[in-house]
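# kindly generate the corresponding structure for this input.
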Amino acid sequence: LQVPHAPSQPLASTESRRFTNKHSKKALKASLTLGILLGMFFVAWLPFFVTNVAQAVCGCVPAGFFDVLTWLGYCNSTMNPIIYPLFMRDFKRAMGKFLPCCRRPAEPRPSAISLSMRNSQSGPRAATSLKNVL
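Just a heads-up that it's a prediction; the model follows:
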């Protein structure tokens with residue numbers, strides 16, 4: 001059996017390959033970020049849950065040790081706002097727009113009026129591109 005194939009188009013093929021590479025890099029970065037977040041979650045909370053089950057079965061876990069593991073889990077919640085900006089550019093931009101400590105000096109804080117105009121259907125709009133909104 002022979003499978004017919006379309007005539008090769010070098011320009012379209014190059015653009016398609018570049019598109020695929022760009023998306024595979026984004027997917028790799030997203031999986032890396034997700035892996036780090038889940039890894040941190042399991043490292044922080046798994047000892048707590050195992051100890052919690054052991055405490056229910058035998059009652060042999062010291063209260064101080066249980067408290068330390070509970071606080072280790074709480075520290076995981078503290079790490080999330082640190083991990084997200086390290087790996088996600090969009091998250092950094094959003095934080096920079098709304099938090100005074102993260103804003104660049106040349107970047108003014110958006111006013112409530114400009115935000116409502118941007119989100120409403122009225123008023124002039126340059127383009128509907130996501131790049132212009134961000």
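# could you use CA atoms for every contact and neighbour count after this?
Fine.
# and the helices in this protein?
For the chain, applying DSSP state H gives helices covering 10-58, 63-87, 89-98, 112-119, 130-133.
# show the average pLDDT along the shortest one.
Okay, so that is helix 130-133. Taken as a whole, helix 130-133 has a mean pLDDT of 52.
# repeat that for the longest one.
Taken as a whole, helix 10-58 has an average pLDDT of 83.
# can you redo the helices of the chain as a markdown table with mean neighbour count?
A markdown table is the format used below for those (neighbours: other C-alpha atoms under 10 Å):
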| stretch | mean neighbour count |
| --- | --- |
| helix 10-58 | 13 |
| helix 63-87 | 14 |
| helix 89-98 | 14 |
| helix 112-119 | 11 |
| helix 130-133 | 9 |
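# which residues touch residue 69?
Residues in contact with residue 69, defined by C-alpha atoms under 8 Å, 6 or more residues apart in numbering, are 44-45, 47-48.
# now it: how far from residue 52?
Residue 69 sits 10 Å away from residue 52, going by C-alpha to C-alpha, to the nearest Å.
# do residue 72 as well
Separation of residue 72 from residue 52 (C-alpha to C-alpha): 14 Å.
# likewise for residue 80?
Going from residue 80 to residue 52 by C-alpha to C-alpha gives 23 Å.
# for stretch 72-92, which outside residues touch it?
29, 33, 37, 40-41, 44-45, 48.
# export it as CSV, just CAs?
Taking Å, rounded to 0.1, in the frame of the first residue of the first chain, the C-alpha atoms of stretch 72-92 are listed here in CSV:
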residue,chain,number,x,y,z
LEU,A,72,5.7,21.9,57.3
GLY,A,73,2.4,21.6,55.3
TYR,A,74,1.6,25.2,56.1
CYS,A,75,5.0,26.2,54.7
ASN,A,76,4.0,24.7,51.4
SER,A,77,1.2,27.3,51.1
THR,A,78,3.8,30.0,51.7
MET,A,79,6.0,28.6,48.9
ASN,A,80,3.3,28.8,46.2
PRO,A,81,3.4,32.6,45.8
ILE,A,82,7.2,32.3,45.5
ILE,A,83,7.2,29.4,42.9
TYR,A,84,4.6,30.9,40.6
PRO,A,85,6.4,34.1,39.8
LEU,A,86,9.7,32.3,39.3
PHE,A,87,8.3,30.1,36.5
MET,A,88,5.3,32.0,35.1
ARG,A,89,5.9,35.3,33.2
ASP,A,90,2.2,36.1,33.0
PHE,A,91,1.8,35.7,36.8
LYS,A,92,4.8,38.1,37.2
